[in-house]
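Could you look at this predicted model? Sequence included:
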Amino acid sequence: MSTFKCSANYVVISVIPVLFFALMLAGYLNLIPLNIPVYTLAYIGFILFVFLLFIKHNANYTVCKMRASYPAMNLQLKSELQSKSLTLGDKSRSILDVEDFLNDYYADIRNDNFVSVASSVFPMMGILGTFVAMAISMPNFTATSTDTLDSEISLLLSGVGSAFFASIYGILLSLIWTYFEKSGLSKIDHYFESTQKLFASSIWSSDELLIHKHAQRDIQDDRFIHALKETFDLDFVKTLSEQHMQSFKEIIHESNQSFSLISNNLQEVSADLKNTLSTIDNSTNAIAARNQIEQQLEEFTLATGSLEKSTKMFSAQMDASLNRTFEKIDGEIGDIVMKLADFATHVSLESQEVQESIKKYHEAVADQVKAK
């Protein structure tokens, strides 16, 4: 169907070459005063045949085939636009390059190899035909008389004259081909431009894509900066530091109270022990003194346990970041515990000595009773 529609283009391109060949044929038939030998007519006919084969690859004929295939191309183009759709914001358009699509779609509609050589092949064929015609029409020049020589020269000149028609025909075909080729390329460019404009509203332009790219980059930069601000929020760090310092002050305050309580308990126990020892030295009732010592030892043991419990609570409440700060305090507490242990050992030894003195006292009293 497309071939039938484009037959008019075919006829327009070939009409002048056909008319020129008809003119040569009329000269051969002696219908006009042109001396066209049969070999020149045959060669011109061969050039015309080659030209007619090349016409289907001329741009002026190709643009007609493009327009005839527009409905099928339009459906495929819409399908490609849909498959390469991109949504930016609340709009959806395609990123398809329509020009590249058209070039690919019509890549096989004509043979570019024929097009590249057509403008030069016809003049070359015409020149070749001229030399062939001259070679064929060249006389032997074997004449022995002047009249015969003049006849052969006249034959040569007439053959050379008709041979130049082949070169003329080849140059004419080259000019015709070039004209319709340039005209067709202009029509193809116009066809591509009109198709691109028709679908321009459905395609993202390169400027729009570039603007969106920069906008997305700005959004990402803003998000990154916001994330950095949230990560390194000075107010948050300041609040955290204040809370940490407040907790530290509370721990120190509680620790000071605990140490004060322990110190008071130790002072009370020490005073009680001193009173007990004084009582032992001055008392005449050793058994009551022993009971008092045992009671004071129990109170001392309770105070030591309270010290250990407070120390554990203090260690649990302290943050890991404060360990170095309280290493010295821990050392001093250790020394206090060691001193308390030594003191307890000393008291235990004193208790043993008191028990031995009480035992000796009972033995002395028993001996006095027996003596009486």
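Here it is on my side, so go on.

who touches residue 9 in this structure?
60, 61, 64 (Cβ atoms under 8 Å, 6 or more residues apart in numbering). No exception for glycine: its C-beta is placed from N, CA and C like everyone else's.

What about the residues you listed, which one has the most neighbours?
Using other Cβ atoms under 10 Å as the neighbour criterion, residue 61 leads those with 25 neighbours.

residue contacts, the closest residue to residue 110 other than its chain neighbours?
Distances taken as Cβ to Cβ, 6 or more residues apart in numbering place residue 57 nearest to residue 110, at 4.3 Å, with adjacent residues excluded. Neighbour list for residue 57: 110, 111, 114, 115, 118 [criterion: Cβ under 8 Å, 6+ apart].

can you pick the most crowded of those residues?
That'd be residue 118 among the contacts of residue 57, by other Cβ under 10 Å, with 20 neighbours.

ok but it is inside a helix, no?
Yes. Under DSSP: H, G, I helix; E, B strand; the rest coil, residue 118 sits within a helix.

low-scoring stretches of the stretch 1-150 of the chain, by residue?
1-4, 138-150 (pLDDT under 70).

Repeat the analysis, applying 50 as the threshold.
Along the stretch 1-150 of the chain, the model assigns pLDDT under 50 to residues 1.

Can you show me the strands along it?
In the stretch 1-150 of the chain, the strands defined using DSSP state E, counting those that start in this stretch lie at 85-88, 91-94.

List the contacts of residue 23.
Taking Cβ under 8 Å, 6+ apart, one finds 32, 34 in contact with residue 23.

any idea how far residue 168 is from it?
Taking Cβ to Cβ, to the nearest Å as the measure, residue 23 and residue 168 are separated by 11 Å.

ok so, going back, make JSON lines from the contacts of residue 9 and add distance to residue 41 to it.
Listed next are these as JSON lines, based on distance: Cβ to Cβ, whole Å:
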{"residue": "60", "distance to residue 41": "28"}
{"residue": "61", "distance to residue 41": "27"}
{"residue": "64", "distance to residue 41": "32"}
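
ok, and what's touching stretch 32-51?
In contact with stretch 32-51 (Cβ under 8 Å, 6+ apart) are residues 14, 17-18, 20-21, 23-28, 121-122, 125-126, 129, 132-133, 136-137, 158-159, 161-163, 165-166, 169-170, 173, 177.

picking that back up, what's the farthest-apart pair in the contacts of residue 57?
Using Cβ to Cβ, these reach their maximum pairwise distance at 110 and 118, which is 10.9 Å.

Quickly list what's touching both of those two.
57, 58.

about what we covered before: now, which of the contacts of residue 57 lie within helices?
Among the contacts of residue 57, DSSP state H puts 114, 115, 118 in helices.

can you pull out the helices in the stretch 101-250 of the chain?
Secondary structure of the stretch 101-250 of the chain, counting by DSSP state H, counting those that start in this stretch: helices at 112-137, 146-198, 206-231, 234-282.

Pull out the buried positions in stretch 89-100.
Neighbour counts using 16 or more other Cβ atoms under 10 Å place 93, 94, 96, 98 of stretch 89-100 among the buried residues.
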